[in-house]
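Participant: compute the structure for the input listed below.
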Amino acid sequence: MPTWTALTVLPDKAAAETLGEALEGMTPEPVGVGVFELEDGSGLWEVGAYFTDAPDDIALSLLAAAYGARPFAVSELPETDWVAHVRRELHPVEAGRFYLYGAHDAESVPAGRVPLLIEAAMAFGTGHHGTTKGCLEAYDRLLAAGFVPQRVADIGAGTAVLAIAAAKTAPNPVIASDIDPVAVEVSEANARANDVAAKLRCIEAEGFDHPDLAAGAPYDLIFANILKGPLIALAPAMRAHMADGGYAILSGILNEQADDVIAAYAAEGFRLVARDRLGEWTTITISP
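Facilitator: Modelled structure (predicted):
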């Protein structure tokens, strides 16, 4: 079926977020609303809504005027095989020694790199997001410094790309968990596609709440690429499951949220090892 998009920009984050909330109450109701800061240095925020029925132009005009936004640009998109489209448009990502790619780019893997095959999976991401690249670069830096992780956990693994990277570079089996059972199935499929199924255990769990995660502790490397709120809530459990001298690599953190996350982990006895910004996202590496 066709899809309509309605996009506008405005210079104020709070107004953009409020406009996004107002769009959700429209009739016909949008199937999705997004609010993002443009990465062109303009300071503008884009507000977008997606509809399966033609949106009400008058309502959009009134909302734009009410929140000081530019007039909405409305476009009708043809029916598209979005996964096929993503496969065509998604370019490989290089992060240190790691090379993240889809099967359509299999011939492009450079010699001597650690290949990470993650196919387009719209529900869980392809691993090409800035937070994933930030985690891979942080892990690569630890490896380059001579760190060899012995026990690794990936909490909120999604596609398990970080766990797969660890399974390919660490000597022992890795455990990956996610709260979503479908994400666990995706992780298992990706482990098979990357020939690490024998080294990667994928489980359904909320945080560290699983006997297998308890049995594998203490970990000397933990990935958690999730969101600010869950990361802060996870801080005490992170310390309880981490070995002294180990490292946690955390992301899913907007730049302006990083200080709050760092403070929450400092309260549990972690010190900041590295803080990396990639676009609007921050990745932090910490150690107890």
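
Participant: so which strand or helix has Glu94?
Facilitator: Using DSSP states H and E, Glu94 maps to strand 93-95.

Participant: neighbours of the closest residue to Asp154 other than its chain neighbours, how many?
Facilitator: In space, and not counting its chain neighbours, Asp154 is closest to Ala163: 3.8 Å by Cβ to Cβ, 6 or more residues apart in numbering. C-beta coordinates here come from the backbone N, C-alpha and C atoms, glycine included. By other Cβ atoms under 10 Å, the residues close to Ala163 number 30.

Participant: okay, now the unreliable bits of the stretch 51-200 of the chain?
Facilitator: 78-91, 103-106, 119-129 (pLDDT under 70).

Participant: related to what we said a few turns ago, in a strand, that's where the residue nearest to Asp154 is, yeah?
Facilitator: No - counting by DSSP: H, G, I helix; E, B strand; the rest coil, Ala163 falls outside a strand, being helix.

Participant: on that earlier part again, pull out the buried residues from the strand holding Glu94.
Facilitator: 93, 95 (16 or more other Cβ atoms under 10 Å).

Participant: that strand: partners in the sheet, and parallel or antiparallel?
Facilitator: Partner strands and pairing direction for strand 93-95 (DSSP bridges) are strand 98-101 (antiparallel).

Participant: excluding its own residues, what touches the very next helix or strand once past the strand it pairs with? List them.
Facilitator: For strand 98-101, the following helix or strand on the C-terminal side (DSSP H and E) is strand 114-117. Here strand 114-117 makes contact (Cβ atoms under 8 Å, 6 or more residues apart in numbering) with 97-103, 106, 109, 127, 161, 164-165, 168-169, 190, 193-194.

Participant: quick one, which of those residues are buried?
Facilitator: In these, the ones that pass as buried (16+ other Cβ under 10 Å) are 97-102, 127, 161, 164-165, 168-169, 190, 194.

Participant: tabulate those (CSV), appending distance to Glu46.
Facilitator: Compiled in CSV, those are given as follows (distance: Cβ to Cβ, whole Å):
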residue, distance to Glu46
Arg97, 34
Phe98, 30
Tyr99, 30
Leu100, 26
Tyr101, 28
Gly102, 26
Gly127, 23
Val161, 27
Ile164, 32
Ala165, 31
Lys168, 37
Thr169, 37
Asn190, 31
Asn194, 35
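
Participant: and the two most separated of the residues you listed?
Facilitator: Gly102 and Thr169 (20.8 Å; Cβ to Cβ).

Participant: residues near the residue lying closest to Leu38 once chain neighbours are set aside, how many?
Facilitator: Among residues not flanking Leu38 along the chain, Leu44 sits closest, at 4.9 Å (Cβ to Cβ, 6+ apart). Residues within reach of Leu44, counting by other Cβ under 10 Å, total 17.

Participant: Ile286 now?
Facilitator: Neighbours of Ile286 using other Cβ under 10 Å come to 26.
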